[in-house]
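Provide a 3D model corresponding to the input given below.
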Amino acid sequence: MLLLRHLVLASLLTLLTACASAPPAQQGPPRIPEQVSRADWEQDMQRFAALDAASPPPRHGVLFVGSSSIRLWETLAEDFPGVPVINRGFGGSELRDSTFYADRIVIPYAPRQIVLYAGENDLQMGRTPQQVVADFRTFVERVRRDLPRVRIAYISNKPSPLRAGLLEAQRRANALIKTEAGRLHVDYIDVFTPMLDANGQPRGELFVEDRLHMNRAGYALWRQKVAPYLVRH
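Model prediction:
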């Protein structure tokens, strides 16, 4: 009986030790600390630097920044005539990447307005709506640390046929960001709702063959929704 008691106690001690040493569960991919280099887009950053050197962009312009939906918006100047637009989108990026590179592609331009589209890739990579809204808040706080008067507009997550499985997560993220945007005095631009059909599914006619990126009709819709929010003077 004494031997059995010792065996039970030993088993309990082993179990408690294992539980104490087990790492905590994480929600989504771990946040990358600011001091760690995000080398994924270094070529994009060097390309932007070369563009700036060859043709310095206007100061106090309207800066569009974010992921590939911004990068591929090649008609920005045509869509918003008379507005000094700057396109600094880099494909595949997440919201926190725009924060990480703010010292290189946001702050130096001293824009009068920032139009941000990011968050869709974040959800695709496993980040939660709560993490996305936290990253949105961090971006706004980082930018306003150096540019306290800059106006910021956030374009909502867009629905796409390829990522239809993300619709509910996008709805939740958009709702959280809309609330936080109001608290932070950031303009929230809803493109999610008008990009859905009568059945609540992404409108396929707004996309190119990859069913993820937009065609001219998609960007025409964005132009219509973004235009009223632009600071033109």
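
Give me the distance between the most centrally placed residue in the chain and G82.
Geometric centre of the chain, nearest residue: A118, 2.1 Å, by CA atoms, centre = their mean. To G82, A118 is 26 Å away according to CB to CB, to the nearest Å. Glycine gets a C-beta too; all of them are placed from N, C-alpha and C.

And Y229, by the same measure?
Using CB to CB, Y229 is found at 15 Å from G82.

Which one's more surrounded, these two?
Using other CB atoms under 10 Å as the criterion, Y229 and G82 rank with Y229 on top: 15 against 9.

The residue nearest to the centre of the chain against S67, yeah?
Yes. If you go by CB atoms under 8 Å, A118 and S67 touch, sitting 5.2 Å apart.

who touches both of the two?
With contacts taken as CB atoms under 8 Å, 6 or more residues apart in numbering, A118 and S67 have 93-94 as neighbours in common.

related to what we said a few turns ago, OK, contacts around the residue nearest to the centre of the chain?
65-67, 93-95, 97-98.

Mark which of those are part of helices, please.
95, 97-98 (DSSP state H).

Just the closest of those to S156, please.
Checking the ones in helices among the contacts of A118 against S156 by CB to CB gives L95 as the nearest, at 12.5 Å.

would JSON lines of the ones in helices among the contacts of A118 with distance to Q170 and pLDDT be doable?
Formatted as JSON lines, these follow (distance: CB to CB, whole Å; pLDDT from 0 to 100):
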{"residue": "L95", "distance to Q170": "13", "pLDDT": "96"}
{"residue": "D97", "distance to Q170": "19", "pLDDT": "95"}
{"residue": "S98", "distance to Q170": "18", "pLDDT": "96"}
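
Give me the below-cutoff pLDDT ranges for the chain.
Applying pLDDT under 70 to the chain flags residues 1-39.

Once you drop chain neighbours, what's closest to R232?
Leaving aside its chain neighbours, R232 sits nearest to V83 (5.7 Å; criterion: CB to CB, 6 or more residues apart in numbering).

What segments of the chain are strands?
62-66, 85-89, 113-117, 151-155, 187-189 (DSSP state E).

Turn these into CSV, including mean neighbour count.
CSV is the format used below for the strands of the chain (neighbours: other CB atoms under 10 Å):
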stretch, mean neighbour count
strand 62-66, 26
strand 85-89, 22
strand 113-117, 25
strand 151-155, 22
strand 187-189, 18
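
closest one to R163 among these?
Ranking the strands of the chain by proximity to R163 (CB to CB) places strand 113-117 first, at 14.6 Å.

Listing partners with orientation, what would you give for that closest one?
The strands that strand 113-117 pairs with in its sheet are strand 62-66 (parallel), strand 151-155 (parallel) (by DSSP bridges).

Could you dump the ones you listed into TSV with distance to R127 added?
Below are the strands paired with strand 113-117 laid out as TSV (distance: least, CB to CB, whole Å):
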stretch	distance to R127
strand 62-66	15
strand 151-155	16
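
With A102 as the reference, name the closest of these.
strand 62-66 (8.7 Å).

Send me that closest one as PDB with only the CA atoms.
Output of strand 62-66 as PDB, limited to C-alpha atoms (Å, rounded to 0.1, in the frame of the first residue of the first chain):
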ATOM      1  CA  VAL A  62      -3.000  62.000 -49.900                       C
ATOM      2  CA  LEU A  63      -1.200  58.800 -49.100                       C
ATOM      3  CA  PHE A  64      -2.800  55.400 -50.000                       C
ATOM      4  CA  VAL A  65      -1.100  52.600 -48.100                       C
ATOM      5  CA  GLY A  66      -1.800  48.900 -47.400                       C
END
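
contacting residues for A169?
Residues near A169 by CB under 8 Å, 6+ apart: 123, 128-129.
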